[in-house]
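Undergrad: Sequence first, then the predicted structure, then my questions.
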Amino acid sequence: MKVLVVNGSPHINGCTARGLSEVERTLNDLGVETERLNVGTKDIRGCIGCGFCREHGRCVFNDMVNETAPKLAEADGLIVGSPVYYAGANGQLLAFLDRLFYSTAGTVNKTMKVGAAVVSSRRAGSTSAFDEINKYFTISAMPIVSSTYWNEVHGFTAADVEDDKEGLQTMRNLAKNMAFLLKGIALARNEEGSVPQQERQAFTNFHVES
């Protein structure tokens, strides 16, 4: 089993990274492989809604998004970590997620891939950023992993996070729950032969042509 870990912070060894490393270490101890991608240091632009991906199965901008798509296809789970800026996730990370999820809609089946958000903040705004990231999972039939508190750590530096004992505990419990859920889904897939088939025929809108 493998989990893709995305660090959306431009500080690759900062607070977000410290929280993610606690999750990774625990997952590894439980037999789950992890691979980390650092998105916050990359030059990533937002989606322009051109529709190129629908025809070609990849984004028109050939950058880290297209490099990540096959990794997402192979992964059993996805963890997305972000610092909190103005009570939201890093804009660069959101641009990456917008394009990754949209451009792979027809090429990567995300059903029952397990998702988790991890956020770090100095003081506040973390729950809204947490909610922001989780929306990518809920629209993609991806079960969200919970912990014993919201998946967040607090501090201004990575050293500060070391003093957030409850935050690090939350990260370890998150990893334990993720490993358990991954193994449960694998057992169910083996028994059923596949993940649940999703209906996609209905597409409701209220546009009325005159």
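TA: Perfect, thanks for sending it. Please read these numbers as outputs of a predicted model, since none were measured by experiment.
Undergrad: was I right about Ser147 contacting Thr170?
TA: Yes: counting by Cβ atoms under 8 Å, Ser147 does reach Thr170; the two are 4.7 Å apart. In this view, the C-beta of every residue, glycine as well, is placed from N, C-alpha and C.
Undergrad: Which residues are in contact with the residue nearest the centre of the chain?
TA: Centroid-nearest residue in the chain, with Cα atoms, centre = their mean: Val80, separated by 3.3 Å. Applying Cβ atoms under 8 Å, 6 or more residues apart in numbering, one finds that Val80 lies in contact with Val6, Gly8, Leu93, Leu97, Gly115, Ala116, Ala117, Val118, Ile133, Tyr136.
Undergrad: how about a cut-off of 7 Å?
TA: Val6, Gly8, Leu97, Ala117, Ile133 (Cβ atoms under 7 Å, 6 or more residues apart in numbering).
Undergrad: Dump those residues to JSON lines, plus neighbour count, secondary structure and distance to Ala179.
TA: Output for these, formatted as JSON lines (neighbours: other Cβ atoms under 10 Å; DSSP: H, G, I helix; E, B strand; the rest coil; distance: Cβ to Cβ, whole Å):
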{"residue": "Val6", "neighbour count": "26", "secondary structure": "strand", "distance to Ala179": "18"}
{"residue": "Gly8", "neighbour count": "27", "secondary structure": "coil", "distance to Ala179": "23"}
{"residue": "Leu97", "neighbour count": "24", "secondary structure": "helix", "distance to Ala179": "23"}
{"residue": "Ala117", "neighbour count": "25", "secondary structure": "strand", "distance to Ala179": "17"}
{"residue": "Ile133", "neighbour count": "26", "secondary structure": "helix", "distance to Ala179": "20"}
